[in-house]
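Novice: missing the sequence, but the structure's below:
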């Protein structure tokens, strides 16, 4: 049994390969190849633009694929969404499709777009959004460099933004948000009904989500005196409850727990004040819930 897995080429490629590696799958690909190699005999990879991935998964040419929800929506693809993967090109935040206009544009509301020209790579979702809001505008396909087309070539653009920095650099302001999107693992519906293929896809989902969960967390280990053990444990956030074990010295205990990395800088001083010592912070590869 083998499954064909589509991986996104382009802006998500490097981040996807990194997450796959943390999940335990070593994926390599030369700059001119569209057939990455992977160290799992049950997986065959294909490198495709995320814009077309959902359509090929729906048709069964791929058993599963990784791409943004926006392209599932854009294609109207009838696929089974397996899980959400909280990563994008540069951050773990969702990305947004937004309508943007030049800073000095007279366009102040959606109604002002009536009769205007809009450039975008996402024709389908843009037309649906405008129709829902009763706006009649000309929507044309953009082959790239969409931000530089306003105001000389078009009145507004619809583009993908993660941090907004590119829009600001091109003197554009956001008029409205059309769609918020995250990366998804999704499967062909026939493949999902196949027991062996489904088990493999579920394994991939579990390891990928585990790797992403671990990226935001660390393992804290420490020793705590019996006299202040309750204070130390009370200060610790945990997935369930901290692990506490007796040491050879009956007056001391070993304590460990998994915590959000962002909390550690404020947490360690509190633990030290509570009597904890020998505090160690360790990175994690995967956290499986």
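Specialist: Good, I have the coordinates. Worth saying up front: this structure is predicted, and the values here are computed from it rather than measured. Numbering: from 1, shown residues only.
Novice: hmm, who's touching the least confident helix or strand in the chain by mean pLDDT?
Specialist: Lowest on mean pLDDT, DSSP states H and E among the helices and strands of the chain sits helix 165-169, with a mean of 89. The set of residues external to helix 165-169 that reach it, using Cβ atoms under 8 Å, 6 or more residues apart in numbering, is 98, 100, 147, 159, 161, 173, 174. In this view, the C-beta of every residue, glycine as well, is placed from N, C-alpha and C.
Novice: hmm, which of these are the buried ones?
Specialist: Buried subset of the contacts of helix 165-169 (neighbour count, 16 or more other Cβ atoms under 10 Å): 98, 100, 147, 159, 161.
Novice: Which two of those have the greatest separation?
Specialist: Greatest spatial distance among the buried ones among the contacts of helix 165-169 (Cβ to Cβ): 98 and 147, at 11.2 Å.
Novice: if we can go back for a sec, tell me the gap between the least confident helix or strand of the chain and the middle of its chain.
Specialist: 21 Å (Cα atoms, centre = their mean, to the nearest Å).
Novice: Pull out the buried residues from that helix.
Specialist: residue 167.
Novice: Which helix or strand lies directly C-terminal to it?
Specialist: strand 172-181 (DSSP states H and E).
Novice: helices and strands around that next one, which ones?
Specialist: Packed against strand 172-181 by the contact rule (3 or more Cβ pairs under 8 Å, 6 or more residues apart in numbering; DSSP states H and E) you find helix 69-75, strand 95-102, helix 123-132, strand 156-161.
Novice: Give the pairing partners of it; include direction for each.
Specialist: With DSSP bridges as the test, strand 172-181 is paired with strand 95-102 (antiparallel).
Novice: I'd like the average pLDDT over the partner strand.
Specialist: Strand 95-102 shows a mean pLDDT of 95.
Novice: Following the chain past that strand, name the next helix or strand.
Specialist: Past strand 95-102, the next helix or strand by DSSP H and E is strand 117-120.
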